[in-house]
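K.L.:
Requesting a structural model of the entry that follows:
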Amino acid sequence: MKTPASRAKPLSAASRLRNFIEAAEVDGVAREDMTLRLTFADDNQLKRDGSLALEDISFKGGIMRYLGVRIERGGVRESVLEHPASHL
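P.N.:
The predicted structure is shown next:
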C-alpha cells in the first residue's frame with residue numbers, strides 16, 4: 001500500500017509577498033516604485049498575521065504598506081507585485 005505523499009504547507013501570504021519584493025529588489029527595483037495588488041483573501045491574511053513584526057506593516061495617510069511597499073486590494077484573481085520593469 002502506498003502512503004499518501006506529504007504535501008508541503010503553502011507559504012503564508014506574508015512569505016510569498018516578501019519573496020516577490022526581494023526578487024524585485026535583486027533586479028534593481030526600489031520599494032517605493034513597487035505596488036502590491038492583493039486579493040481580498042491575501043489582504044485579510046496579511047492584516048491578521050500575528051507573526052509579523054509591527055514595523056513590517058503600516059497604515060499611514062490611508063495607505064497600507066507591507067515592508068514599505070504600497071498595497072492596493074481587490075481587482076485581481078491572484079496577488080501580484082507591479083513595478084515599472086514589470087510593464088515592459
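
K.L.:
How about residues contacting the lengthiest helix in the chain?
P.N.:
When the chain is scanned for its longest helix (criterion: DSSP state H), the result is helix 13-26. Contacts with helix 13-26, where a contact means C-beta atoms under 8 Å, 6 or more residues apart in numbering, come from 11, 31, 34, 36, 38, 41-42, 45-46, 49, 51-52, 56, 66-67, 69, 79-81, 83, 85. Just so you know, the C-beta spots here come from the backbone N, C-alpha and C atoms, and that holds for glycine as well.

K.L.:
Could you rerun that using 7 Å?
P.N.:
Contacting residues not belonging to helix 13-26 are listed as 31, 34, 36, 42, 45-46, 49, 52, 66-67, 69, 79, 81, 83 [C-beta atoms under 7 Å, 6 or more residues apart in numbering].

K.L.:
would JSON lines of these with neighbour count, secondary structure and distance to Arg18 be doable?
P.N.:
Conversion of those to JSON lines gives the following (neighbours: other C-beta atoms under 10 Å; DSSP: H, G, I helix; E, B strand; the rest coil; distance: C-beta to C-beta, whole Å):
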{"residue": "Arg31", "neighbour count": "15", "secondary structure": "helix", "distance to Arg18": "12"}
{"residue": "Met34", "neighbour count": "21", "secondary structure": "coil", "distance to Arg18": "12"}
{"residue": "Leu36", "neighbour count": "26", "secondary structure": "strand", "distance to Arg18": "11"}
{"residue": "Asp42", "neighbour count": "21", "secondary structure": "helix", "distance to Arg18": "12"}
{"residue": "Gln45", "neighbour count": "17", "secondary structure": "helix", "distance to Arg18": "13"}
{"residue": "Leu46", "neighbour count": "23", "secondary structure": "helix", "distance to Arg18": "10"}
{"residue": "Asp49", "neighbour count": "15", "secondary structure": "coil", "distance to Arg18": "11"}
{"residue": "Leu52", "neighbour count": "16", "secondary structure": "coil", "distance to Arg18": "10"}
{"residue": "Tyr66", "neighbour count": "23", "secondary structure": "strand", "distance to Arg18": "8"}
{"residue": "Leu67", "neighbour count": "20", "secondary structure": "coil", "distance to Arg18": "6"}
{"residue": "Val69", "neighbour count": "22", "secondary structure": "strand", "distance to Arg18": "10"}
{"residue": "Ser79", "neighbour count": "21", "secondary structure": "coil", "distance to Arg18": "12"}
{"residue": "Leu81", "neighbour count": "19", "secondary structure": "strand", "distance to Arg18": "10"}
{"residue": "His83", "neighbour count": "21", "secondary structure": "coil", "distance to Arg18": "15"}
